[in-house]
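K.L.:
Return a 3D structure for these sequence lines:
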Amino acid sequence: MKKAAALELYAQRRLKIASYGRKQSAPKPVKVVPDGIPMSLPPEQAKKRCGWITPQSDPLYVAFHDEEWGVPVHDDKQLFELLVLSGALAELSWPVILSKRDTYRYLSNAIQSVIYLIGMMCF
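P.N.:
Modelled structure (predicted):
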């Protein structure tokens, strides 16, 4: 019992420190969920995620974390795509990069087509 109380006190202190000097904002609107639909997944069904995924994270970013982050890739095209996306980190954040992913794929396919046509013209 003492351990639970100590953990609760520790959590309250961290919250107090995190909000120190910040203005109190208006309460956020609560989502209305129809009766019979659970508001959140039970703990056994909830996915374990890294600390950099928050409830306010972009859905594209969350999907990238859940489906691609840490998954080994062996396909050359997918590896090249990840290399190009990682190179964009110099200027952009992951959520922005992931929102532009279709554009990167389109440009990559266009470049592949041009390279193929040049190769056909040379031989």
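K.L.:
Can you say which helix or strand has the closest residue to L89 other than its chain neighbours in it?
P.N.:
Distances taken as CB to CB, 6 or more residues apart in numbering put I97 closest to L89, at 7.0 Å, once the chain neighbours are dropped. The way it works is simple: take the backbone N, C-alpha and C, and place the C-beta from them, glycine included. Secondary structure assignment for I97, by DSSP states H and E: helix 94-99.
K.L.:
re the thing from before, Provide a list of residues in contact with the residue nearest to L89.
P.N.:
85, 88-89 (CB atoms under 8 Å, 6 or more residues apart in numbering).
K.L.:
Adding secondary structure and pLDDT, write those out as CSV.
P.N.:
Compiled in CSV, these are given as follows (DSSP: H, G, I helix; E, B strand; the rest coil; pLDDT from 0 to 100):
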residue, secondary structure, pLDDT
L85, helix, 84
A88, helix, 85
L89, helix, 82
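K.L.:
what about S57, is that helix, strand or coil?
P.N.:
Following DSSP: H, G, I helix; E, B strand; the rest coil, S57 is assigned to coil.
K.L.:
residues near the nearest residue to it once chain neighbours are set aside, how many?
P.N.:
Counting by CB to CB, 6+ apart, S57 lies nearest to P95, which is 7.6 Å off, once chain neighbours are set aside. With neighbours defined by other CB atoms under 10 Å, the count for P95 comes to 14.
K.L.:
quick one, what contacts P95?
P.N.:
Counted by CB under 8 Å, 6+ apart, P95 has contacts 57-58, 60-61.
K.L.:
Could you rerun that using 7 Å?
P.N.:
By CB atoms under 7 Å, 6 or more residues apart in numbering, the contact list for P95 reads 58, 60-61.
K.L.:
ok, now which ones touch F64?
P.N.:
Contact partners of F64, counting by CB under 7 Å, 6+ apart, are L98.
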